[in-house]
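**Student:** give me a model of this one.
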Amino acid sequence: MLAQTKPQNLRSLSNIINYSEFVSPNTLPHKISPTFTQPLQNPQQYERPFQLDHCLDNVAYTKLVQSSSGSGSVIHGKLAHGHMIKTGFNPCRFLQNTLLSMYFNCGDVEFARKVFDKMPERNVVSWNSLISGYTRLGLYRNALTVFHEARDWELKLDKFTYASVLSVCSQTRNLELGKGIHGLIVLNGVGAHMFLTNSLVDMYSKCGRIDQAKLVFDNSDNLDDVSWNSLIGGYVQSGLNSEMLQLLVKMHRHGMSFSSYVLGSVLKACCSNFSGSMECGKMLHACAVKQGWDLDVVVGTALLDMYAKIGDLNDALLIFKLLPNKNVVMYNAMIAGLFRIEDASDEFAKKGLNLFSEMQSRGLKPSKFTFSTIIKSCIAFEGLEYGKQIHALICKNNLQSNEFIGSALVELYSLVGSIEDGIKCFNSTNKQDIVTWTSMIVGHAQNGKFESALALFVELVTLGTKPDEFTVSVVLSVCANLAAAKTGEQIQGYAIKTATHNCIVVQNSLMYMYAKCGDIDSANLIFEETNNPDRVSWSAMICSTAQHGYARESLRLFELMKGHGIEPNHITFLGVLTACSHGGLVDEGFRYFESMKRDHGITPNEKHSACIVDLLGRAGRLADAERFIVDSTFGDVPVMWRALLGACRVHKDTVTGTRVSKRVIELEPEASASYVLLYNIYTDAGLETPAKRIRDLMTKRGIKKEPGLSWVEVGNTVHSFVAGDRSHPMSEKVYARLEEMLEKIRKIGYIFANEREVFDTYHSEKLAVTFGMISLPPSAPVRVMKNLRVCQDCHTTMKFFSKVEKREIVLRDAIRFHRFREGSCSCGDYW
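**Tutor:** So this is what the prediction gives:
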């Protein structure tokens, strides 16, 4: 019996109790016996508190405790418990077990344990109540400890004990313990109970051993609807769709009925686009209608979610309209479905936003998922103003600290370049999980703040948060844009250490990073080590080899990709056409251009068409290139005419170049690249007057040429240079070594292309390459990046440098990669 002391959390346990609060017909729950709810003869006499010095009996106390348990009122339960203590009442064991259950139902674990510890005698129900109570509250370790204590007491455990412990194994995915409990069930001869069969099927399914769940199911003589539904749920969870359908048919033939839960689970599985999933989903829809489940909350929500996910939005909307008593979950499923498909029309977008407004007008409070979905829809349709209104509503509902909403807001503001607002949203998020951090890093990377993105990654690792494969992939892309190969290698080492290097998304990013940094050999090595490369992997290598000038290798990879049964997409064909363009493969280029339309149903965009223009220009077919532009649907796209203008420069066609440049300048009057190209055409042809006119026109219109910037990575530091730059600490050594190398190449035939401007002798790429020659080991290739197209003189100079210094030089300009070896370039002198 419990000691007669005051429980801790009660203000008062006086035996002066308001009788009407406990036994009035108006306040007692419906579970209390009618003998306690008869109308009083003279209610007025009981309106004032009176002294209740005597105790009630076990039945009365049990009713009061059960009432408190049902209503979840721990205060009322403690009042009844306190009254037992004050009056010295000795409760029976049934009442003590009821008290134990009441405290667990009300969430008061401490008092529940005290009740259990003070019980003079405990039976199996007492132990079961304690184990199941801990399990319901998620205190699995406590539940297992009590189970072991019960076994130590050599108590004869029953099916309810084992069912509770099996539930712990299911929730914690503890397969080994589950097997042990299964053995005890067999050993103690309680395995025949259908109740335990269902628990075992559920445990094995959730622990990923569906084969064991099926074995238990097949060997059981006592099966009910729950047994069938549990195994079907296991198949759904394991992704075994074919087995799930077979069992569903078998269940139907045995006359078993589906539960709304399992029907919802199967409908959810039909969203995964397995073979026959759509037909299965529609069949189950008909079955649900026949059994009257189509208007059920769970099944109805699963139906509209299924139709939305397979892209049948009209049917999803129809089901949504038919569902009665719509709740937040239904609205969330419908809104998410309207914004899920990539090519969702403005009409569906408007319907989604209208549903959000309708939801609020009905008095339904949007959930965290609702706001997260709406913000993501604003991102998809770039609706910043509407997104700001949603953000205000989020703040009004005090949900801005939620990590899912926070990461969506960071993504929204980053998309429109408002990094500062994104940082504020990030800082207001209480739980900054890996998704929020990744959104923040992506936002900085998208806005060109690559150094800040790397700094955020370092901070993330320093704080002890483990980046996932997507975070690592993003940071590798940042390294690619910075051409920071050494930093990329460190990130790769971190990926190996954290076992994320084998993820396909990381491997694809590694290929991209090494290729963008000029190390095509390392990119190819990563590709060869990739198990089951996907379409992105193949496309990355095809595009990379094309950019590096290996046209035939790029086309070989493309044919190999098709041989593996992987369907190319528009990015793959862009790499193929780039390879044909850079390799001068005119016939192959046109054949692939026609194939992408005819054989693969891909409509060429302006980038594909620009490759054809460049291909014709490389072959000297300038008239055909111009005719192709005029006949295409991209006649007003500047990149098409700029590709032709570049060909005019190479072939020194001033007449066509003049005509084309006027068209480009008309389309892009503010872009400096077209003016510079035309200026170079006139300069190369020796036409001083037209060249001067272009310079004057740029001055008049306020067009400024973007300054050339080149950089090279040495160690962990990126060293950048501009033309004539003397700010670098090693400037004297750099200029001295450059003059030395220029003198060497003059002796073997180099002639400076533009002696009129001595400043051009010290272009940024020459300074960066020279610094690399000084700082890197003699065997290491020099990899330099430039933000503009390399000029003719620098291109010639690099060829000579590679010959006299016997060094490989890799130069990435705004157009492509140039790999200089033994006096020749991979571009074939066309870029």
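**Student:** leaving aside the residues next to it on the chain, what's closest to G589?
**Tutor:** Nearest non-adjacent residue to G589, counting by C-beta to C-beta, 6 or more residues apart in numbering: C580, 3.3 Å away. (C-beta placed from N, C-alpha, C; glycine too.)
**Student:** same question for G352.
**Tutor:** Distance criterion C-beta to C-beta, 6+ apart; nearest residue to G352, sequence neighbours excluded, is L338 at 3.8 Å.
**Student:** quick one: contacts for that neighbour?
**Tutor:** By C-beta atoms under 8 Å, 6 or more residues apart in numbering, the contact set of L338 is 308, 313, 344, 348-349, 351-352, 355, 377.
**Student:** quick one, phi psi at it?
**Tutor:** phi -70, psi -30 (degrees, to the nearest 10).
**Student:** now S132
**Tutor:** According to degrees, to the nearest 10, S132 has phi -70, psi -30.
**Student:** count the neighbours of it for me.
**Tutor:** 21 (other C-beta atoms under 10 Å).
**Student:** how close does it sit to T145?
**Tutor:** Per C-beta to C-beta, to the nearest Å, S132 is found 14 Å from T145.
**Student:** alpha carbons of stretch 313-321, in PDB - could you do that?
**Tutor:** Output in PDB follows, covering the C-alpha atoms of stretch 313-321 (Å, rounded to 0.1, in the frame of the first residue of the first chain):
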ATOM      1  CA  LEU A 313      -4.800  16.100 -61.700                       C
ATOM      2  CA  ASN A 314      -8.300  16.300 -63.100                       C
ATOM      3  CA  ASP A 315      -9.300  13.000 -61.400                       C
ATOM      4  CA  ALA A 316      -7.600  14.100 -58.200                       C
ATOM      5  CA  LEU A 317      -9.600  17.300 -58.200                       C
ATOM      6  CA  LEU A 318     -12.800  15.300 -58.800                       C
ATOM      7  CA  ILE A 319     -12.100  13.000 -55.800                       C
ATOM      8  CA  PHE A 320     -11.300  16.000 -53.700                       C
ATOM      9  CA  LYS A 321     -14.600  17.700 -54.500                       C
END
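**Student:** list the buried residues in that stretch.
**Tutor:** Neighbour counts over stretch 313-321 (16 or more other C-beta atoms under 10 Å) mark 313, 315-317, 319-320 as buried.
**Student:** can you lay out those residues as CSV showing distance to K747 and secondary structure?
**Tutor:** Formatted as CSV, the buried residues of stretch 313-321 follow (distance: C-beta to C-beta, whole Å; DSSP: H, G, I helix; E, B strand; the rest coil):
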residue, distance to K747, secondary structure
L313, 73, helix
D315, 79, helix
A316, 77, helix
L317, 79, helix
I319, 82, helix
F320, 81, helix
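**Student:** what is the lowest-pLDDT residue among those residues?
**Tutor:** Within the set of the buried residues of stretch 313-321, pLDDT is lowest for L313 (81).
**Student:** would you confirm that it contacts G337?
**Tutor:** Yes: at 6.4 Å, L313 counts as touching G337 under the criterion of C-beta atoms under 8 Å.
**Student:** any stretches of the protein with poor pLDDT?
**Tutor:** For the chain, the stretches flagged by pLDDT under 70 are 1-53, 272-276, 340-346, 752-760, 831.
**Student:** for it, just list every one of the strands.
**Tutor:** All strands of the chain, identified by DSSP state E, fall at 16-17, 50-51, 709-714, 717-722, 782-786, 809-812, 817-821, 824-825.
**Student:** can you list these in a markdown table and add mean neighbour count and distance to G575?
**Tutor:** As requested, the strands of the chain are arranged in a markdown table below (neighbours: other C-beta atoms under 10 Å; distance: least, C-beta to C-beta, whole Å):
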| stretch | mean neighbour count | distance to G575 |
| --- | --- | --- |
| strand 16-17 | 14 | 83 |
| strand 50-51 | 10 | 91 |
| strand 709-714 | 21 | 26 |
| strand 717-722 | 18 | 28 |
| strand 782-786 | 25 | 20 |
| strand 809-812 | 24 | 16 |
| strand 817-821 | 23 | 13 |
| strand 824-825 | 18 | 20 |
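**Student:** pull up the gap between the residue nearest to A546 when sequence neighbours are not counted and P604, please.
**Tutor:** The shortest distance from A546 to any non-neighbouring residue, by C-beta to C-beta, 6+ apart, is to A579 (3.7 Å). Going from A579 to P604 by C-beta to C-beta gives 16 Å.
**Student:** more crowded one of those two?
**Tutor:** Regarding A579 and P604, a neighbour count based on other C-beta under 10 Å identifies A579 as having more, with 30 against 21.
**Student:** make sure that one is actually in contact with F573.
**Tutor:** No: A579 lies out of contact with F573 (C-beta under 8 Å); the separation is 10.4 Å.
**Student:** distance between the ends of stretch 244-261?
**Tutor:** Using C-alpha to C-alpha, to the nearest Å, the end-to-end distance of stretch 244-261 comes to 15 Å.
**Student:** got it, and stretch 564-577?
**Tutor:** 20 Å.
**Student:** what of stretch 798-817?
**Tutor:** 13 Å.
**Student:** who's in contact with it?
**Tutor:** Counting by C-beta under 8 Å, 6+ apart, 483, 516, 518-520, 547-549, 582, 741, 744-745, 748, 750, 765, 769, 773, 778, 781-790, 818-827, 831 sit against stretch 798-817.
**Student:** one step back: pull up the overlap in contacts between L313 and G337.
**Tutor:** Joint contacts of L313 and G337 (C-beta under 8 Å, 6+ apart) are Y307.
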